[in-house]
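[1] My questions concern the predicted model and sequence given below.
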Amino acid sequence: MMVAVGAGACGPSTGVGWPSDLSPTAKSRLDDYCAKRTACQADQGMTVGPCPTSMCLATETTEAPLLEYFDCQIAKQCSAFFNDDDCAASAGTPDAEQTQFVSRCTARNTECSGDFGTFCAIGGMPILRKDHLRAFDACLGGACADIDACLAAAAPMDCW
C-alpha cells in the first residue's frame with residue numbers, strides 16, 4: 001500500500017500541535033473503508049493486517065486527501081481493492097512546495113545515482129503530512145551515501 005512508505009519507522013510523527021485523532025467525518029469514512037476492506041479480504045480469500053487506527057492516520061496524513069483516498073478505495077471492486085497506488089496518487093492536489101520537492105528529490109536521486117526515487121514521488125503526495133516532505137527534503141542536503149538512511153529514519157509510521 002502506498003501510505004506504508006516506512007516500515008514502522010517513527011519519523012516526524014510526534015510533532016507538537018498535530019491532531020491526535022481524525023474528525024468525526026473522517027472516522028466515519030474510516031469505518032466505511034474498514035468494512036469494505038474486511039469484505040474484500042473475505043471475497044478475495046486474503047488476510048492482511050488490522051485496519052489503521054484513526055489516531056495513527058491523524059498523525060501521518062492530511063485529512064482532506066485522506067477522505068479522497070477512502071472514497072476512491074471504497075468505490076473499487078474487491079479484485080482491485082488491495083492495489084491502492086492509484087487512489088493514493090490521486091488523493092489531493094499537490095501544491096507548489098510538494099511539486100518543487102519532487103523535482104529537487106528526483107534531480108538529487110539522479111545526481112547521486114540513488115535508489116530513493118520512490119521517496120521522491122511519495123514524499124510529494126498531498127495525502128502525507130508536510131512534515132514528512134520537509135524531513136525528506138532535509139535529507140537531500142546530506143552526502144549521497146547518507147541519504148537512504150536519512151530517508152528511512154524520516155519515513156512515516158506504517159499505519160496500514
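    Right, received. Where do you want to start?
[2] Can you point out the buried residues in stretch 65-84?
    By 16 or more other Cβ atoms under 10 Å, the buried positions in stretch 65-84 come out as 65-70, 72-73, 76, 81, 84. Placement of C-beta: from N, CA and C, glycine included.
[3] can you name the two of those that are farthest apart?
    Pro65 and Phe81 (18.6 Å; Cβ to Cβ).
[4] now what about the helix or strand bottoming out on mean pLDDT in the chain, what contacts it?
    Ranked by mean pLDDT, DSSP states H and E, the helix or strand of the chain with the weakest confidence is helix 117-123, at a mean of 88. The contact list for helix 117-123 (Cβ atoms under 8 Å, 6 or more residues apart in numbering) reads 2, 5, 88-89, 101-102, 105-106, 109, 128, 132-133, 136-137, 151, 155.
[5] Pull that helix out as PDB, backbone CA atoms only.
    In PDB, the C-alpha atoms belonging to helix 117-123 read as follows (Å, rounded to 0.1, in the frame of the first residue of the first chain):
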ATOM      1  CA  GLY A 117      13.100   7.700  -6.300                       C
ATOM      2  CA  THR A 118      10.100   6.100  -4.500                       C
ATOM      3  CA  PHE A 119      10.500   8.600  -1.600                       C
ATOM      4  CA  CYS A 120      10.500  11.400  -4.100                       C
ATOM      5  CA  ALA A 121       7.100  10.500  -5.500                       C
ATOM      6  CA  ILE A 122       5.500   9.600  -2.200                       C
ATOM      7  CA  GLY A 123       7.000  12.400  -0.200                       C
END
